[in-house]
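**Student:** okay, sequence plus prediction incoming.
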Amino acid sequence: MADDSLNQARDGDAHAEFDPASTVPTRYWQRLEDGRLQCDLCPRACRMRPGQRGLCYVRGATADGVVLTTWGRSSGFCIDPIEKKPLNHFHPGSAVLSFGTAGCNLACKFCQNWDISKSRAQDTLADQATPESIAAAAAAARCTSVAFTYNDPVIFHEYALDIAAACHTRDIRTVAVTAGYVSPAPRAEFFAGMDAANVDLKAFSDDFYRRVTGARLTPVLDTLVYIAHDTTTWLEVTTLLIPGLNDSDAELGALCRWFAEHLGPAVPLHFTAFHPDWKMRDVAPTPPATLRRARRIALDAGLRHVYLGNVRDEEGGRTCCHACGETLIERDWYAIARYTLDAEGGCPRCGARLAGRFGTAAGDWGRRRQPIKLSSSPLTS
């Protein structure tokens, strides 16, 4: 059932028409008795009259149904190291073609990509790209995967899955960087097309979710459990620690105990540092000591792989064997400095397998961040 306190609809553009070149019908909606259309993609369940958009701004109502208004359009493309997503156990060192669209179905006051996620599509989406052209660009640049990121891919569900299908025909993996705020039926369809996901667990408090993100905690926990136990999607989780809001020992302890019990000790957890942005510019950056304290709490709760992000921390970037403690991967920021796994992802000292998805060797993309245009000549790495 929709929570009206979190349900919003926005008026459409002044011309009250959606661009037919980037509009495709969607499946997850229903017509209500009062004539409005309810989008059932995410728990927000936005209710709209024709010409209105949901809170995400990219799904809108027409007389015939709910449509996605940003199919085939992007806010830009960039080749990144996979560790930046962050994914530390998914083809380490490899290059990933990252892109996003516009809009978001959360309203995080601390959004680090607010210029994309809070924008109107017509202000942001300058690049046009078919699924086939994105897959071809990734192949030409020798990227192992394509990441749906910068804004939440669940809101461009249809476009993301079309891209995933095109990528898979070229043996290119797909990665979702998401807040996991999605309803059960579209969730199953969406993650069936994803090879890996990093889910933002923004806090372990429903009060935080309501006040700071305009969402609820339980649907996110449901998504995490679903990915971990009902899919083949490789899962890693990130929590951005915001001083005074979600970094207490009590909350971190509760989060880590729930994590160990419901997701298991082998799922990697990333604690990352907050920096002031969007509507929370008056909050101080996260001290490195807070990240190290959180990591110790997580390790004490039994988690095997706990990483620190947005800071340079040698120990917090290292991957060790859970059985014998051998260092398996050392990182310098996003670059692989040392890699000792065997071809099957096993520890060279004791043979224990590291949970994750690994190739025969680490990639060599390094720390580079390289914006690209799809019309550019193929890249070399």
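**Tutor:** Cool, got the structure.
**Student:** CA atoms of stretch 267-287 as PDB?
**Tutor:** Included here for stretch 267-287 are C-alpha records, laid out as PDB according to Å, rounded to 0.1, in the frame of the first residue of the first chain:
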ATOM      1  CA  VAL A 267      29.200 -10.400   1.400                       C
ATOM      2  CA  PRO A 268      31.500  -7.400   1.300                       C
ATOM      3  CA  LEU A 269      30.500  -4.200   3.200                       C
ATOM      4  CA  HIS A 270      31.900  -0.800   2.300                       C
ATOM      5  CA  PHE A 271      31.900   2.100   4.700                       C
ATOM      6  CA  THR A 272      32.500   5.400   2.900                       C
ATOM      7  CA  ALA A 273      33.200   8.900   4.000                       C
ATOM      8  CA  PHE A 274      30.600  11.700   3.600                       C
ATOM      9  CA  HIS A 275      31.500  15.100   2.300                       C
ATOM     10  CA  PRO A 276      29.100  18.100   2.500                       C
ATOM     11  CA  ASP A 277      26.800  18.300  -0.500                       C
ATOM     12  CA  TRP A 278      23.300  19.200  -1.800                       C
ATOM     13  CA  LYS A 279      21.200  20.100   1.200                       C
ATOM     14  CA  MET A 280      23.600  18.900   3.900                       C
ATOM     15  CA  ARG A 281      26.500  21.300   3.400                       C
ATOM     16  CA  ASP A 282      26.400  22.200   7.100                       C
ATOM     17  CA  VAL A 283      27.500  18.700   8.200                       C
ATOM     18  CA  ALA A 284      31.200  18.000   8.700                       C
ATOM     19  CA  PRO A 285      33.000  15.400   6.600                       C
ATOM     20  CA  THR A 286      33.400  12.000   8.100                       C
ATOM     21  CA  PRO A 287      36.600  11.600  10.200                       C
END
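**Student:** any idea which residue sits dead centre in this protein?
**Tutor:** With distances taken as CA atoms, centre = their mean, Val177 lies nearest the centre of the chain, 1.3 Å away.
**Student:** for the helix or strand where it lies, output the C-alpha coordinates as CSV.
**Tutor:** In this assignment (DSSP states H and E), Val177 forms part of strand 173-178. Only the C-alpha atoms of strand 173-178 are listed here, as CSV (Å, rounded to 0.1, in the frame of the first residue of the first chain):
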residue,chain,number,x,y,z
ARG,A,173,28.7,-8.0,-17.7
THR,A,174,26.2,-5.5,-16.2
VAL,A,175,26.4,-3.8,-12.8
ALA,A,176,23.6,-2.0,-10.9
VAL,A,177,24.6,0.7,-8.4
THR,A,178,21.3,1.2,-6.6
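**Student:** how about it: buried residues?
**Tutor:** Of the residues in strand 173-178, Arg173, Thr174, Val175, Ala176, Val177, Thr178 count as buried by neighbour count, 16 or more other CB atoms under 10 Å. Where you see a C-beta, it was placed from the backbone N, CA and C, and this is true even at glycine.
**Student:** got it, and stretch 33-47?
**Tutor:** Quick answer for stretch 33-47 (16+ other CB under 10 Å): Arg36, Leu37, Gln38, Cys39, Asp40, Leu41, Cys42, Pro43, Arg44, Ala45, Cys46, Arg47.
**Student:** low-confidence ranges in the protein?
**Tutor:** Applying pLDDT under 70 to the chain picks out residues 1-17, 113-126, 278-279, 375-381.
**Student:** one more time with 90, if that's ok
**Tutor:** Filtered on pLDDT under 90, the chain yields the residue ranges 1-22, 73-76, 102, 107-128, 150, 275-284, 333, 342-344, 359-361, 373-381.
**Student:** could you chop it up by domain?
**Tutor:** By the assignment in automatic domain parsing, the chain contains the domains 9-68, 73-339.
**Student:** show me how far the first one is from its chain's centre.
**Tutor:** Here the centre of domain 9-68 is set off from its chain's centre by 23 Å, with CA atoms, centre = their mean, to the nearest Å.
**Student:** do the same with the longest one
**Tutor:** Shown here is domain 73-339, whose average C-alpha point lies 4 Å from the average C-alpha point of the whole chain (CA atoms, centre = their mean).
**Student:** strands along the stretch 201-350 of the chain, start to end?
**Tutor:** Secondary structure of the stretch 201-350 of the chain by DSSP state E, counting those that start in this stretch: the strands cover 234-241, 269-273, 306-309, 319-320, 327-332, 335-339.
**Student:** what strands line up against the fourth one, and which way round?
**Tutor:** The strands that strand 319-320 pairs with in its sheet are strand 327-332 (antiparallel) (by DSSP bridges).
**Student:** buried ones in the partner strand?
**Tutor:** Neighbour-count burial for strand 327-332, counted by 16+ other CB under 10 Å, picks out Leu328, Ile329, Glu330, Arg331.
**Student:** out of these, flag the one nearest to Lys109.
**Tutor:** Arg331 (30.5 Å; CB to CB).
**Student:** pretty sure the closest one contacts Arg318?
**Tutor:** Yes. Taking CB atoms under 8 Å as the definition, Arg331 is a contact partner of Arg318 at 6.9 Å.
**Student:** what residues are up against Glu158?
**Tutor:** Residues near Glu158 by CB atoms under 8 Å, 6 or more residues apart in numbering: Val24, Thr26, Leu68, Trp71.
**Student:** cool, thanks, signing off.
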